[in-house]
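> please find the sequence and the predicted model below.
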Amino acid sequence: MSAHVSEKIIIALDVPDKQKALNLVHALPSARMFKVGLRLFTSEGPPFIKELRSLGKNVFLDLKLHDIPNTVADTVRVCAGYGVRMMTLHTSGGREMMEKAAEAAAETARRTGRPKPLLLGVTILTSLKNEQLEEIGMPPDTDAQVVRLAKLAAESGLDGVVCSPREIELVKKAVGKDFLVVTPGIRPAWAAAQDQKRILTPAQAVRQGADFLVIGRPIIADPSPPDAFDRIIQEISA
């Protein structure tokens, strides 16, 4: 069971530079997928993605694209060419943006012969609660907004969504069990919540149907990242 569980965990490389990121990658040989977010990608760029791929690791490129449809589609083509396994875009960019992104990913896969990257729609950031939604002019109902955006993502051809663990069951019920749910906001029982608002433990998230868990600080900030990684696998398996 442990091998299967380890493949559900995406290590968030939320560090400022390549050397710190590579230190973590080498310290976690059992981890298969690593998230490269906006800060690290801005710092190190495409060469770092290629270096991770050369080490046999899968890459979750989390840039949360949000722009006019053609710009997002062109960016998806470029990122798909890197051989990333997953990438994100904001569902609030709308149907046409997501449809063009899905078409671009499929077309690039056909042209290059590489597997199509999984496109994940970001619904509502896990740092937001109902009152913050109201401040930006959205209905103050996180659950309803996540479900609405997840349905739109599925209709637009995306492979899944990113949402907080507390919306996993709602999304699976609304869209279907085969629609991927990737969840940040994961905190083991022994880790602090920090700035995430809608959180669950890894075991709770998996029980509710999460396909992948994005975990950063509880592992990378631990005095021993390999021990923290193993403790999370044990927690889920138990």
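Noted; the coordinates are in hand.
> looking at this structure, which strand is longest?
strand 58-65 (DSSP state E).
> elements contacting that strand?
Other helices and strands packing on strand 58-65, by 3 or more Cβ pairs under 8 Å, 6 or more residues apart in numbering; DSSP states H and E, are strand 33-37, helix 38-44, helix 46-54, helix 69-81, strand 86-90. All C-beta spots, glycine's among them, are computed from the backbone N, C-alpha and C.
> need the winner for burial among these.
strand 86-90 (a mean of 23; mean count of other Cβ atoms under 10 Å).
> next, the angle helix 69-81 makes with that strand.
Relative orientation of strand 86-90 and helix 69-81, computed by axes from the mean of the first three to the mean of the last three Cα atoms, to 10 degrees: 170 degrees.
> got the angle between strand 86-90 and strand 33-37?
Using the same axes, to 10 degrees: strand 86-90 against strand 33-37 is 40 degrees.
> neighbours of the closest residue to residue 208 other than its chain neighbours, how many?
Distances taken as Cβ to Cβ, 6 or more residues apart in numbering place residue 168 nearest to residue 208, at 4.3 Å, with adjacent residues excluded. Residues lying near residue 168 (other Cβ atoms under 10 Å) number 23.
> got it, and the one 3 residues further on?
When neighbours are defined as other Cβ under 10 Å, residue 171 has 29 of them.
> equivalent analysis for residue 173, please.
11.
> tell me the mean pLDDT for the one helix or strand it maps to?
Using DSSP states H and E, residue 173 sits in helix 168-175. Averaging pLDDT along helix 168-175 gives 96.
> export that helix as CSV, just CAs?
Provided in CSV are the C-alpha atoms of helix 168-175 (Å, rounded to 0.1, in the frame of the first residue of the first chain):
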residue,chain,number,x,y,z
ILE,A,168,-13.6,17.0,-2.2
GLU,A,169,-16.8,15.1,-1.6
LEU,A,170,-18.9,18.0,-3.1
VAL,A,171,-16.9,18.0,-6.3
LYS,A,172,-16.9,14.2,-6.7
LYS,A,173,-20.6,14.1,-6.1
ALA,A,174,-21.3,16.9,-8.6
VAL,A,175,-18.9,16.0,-11.4
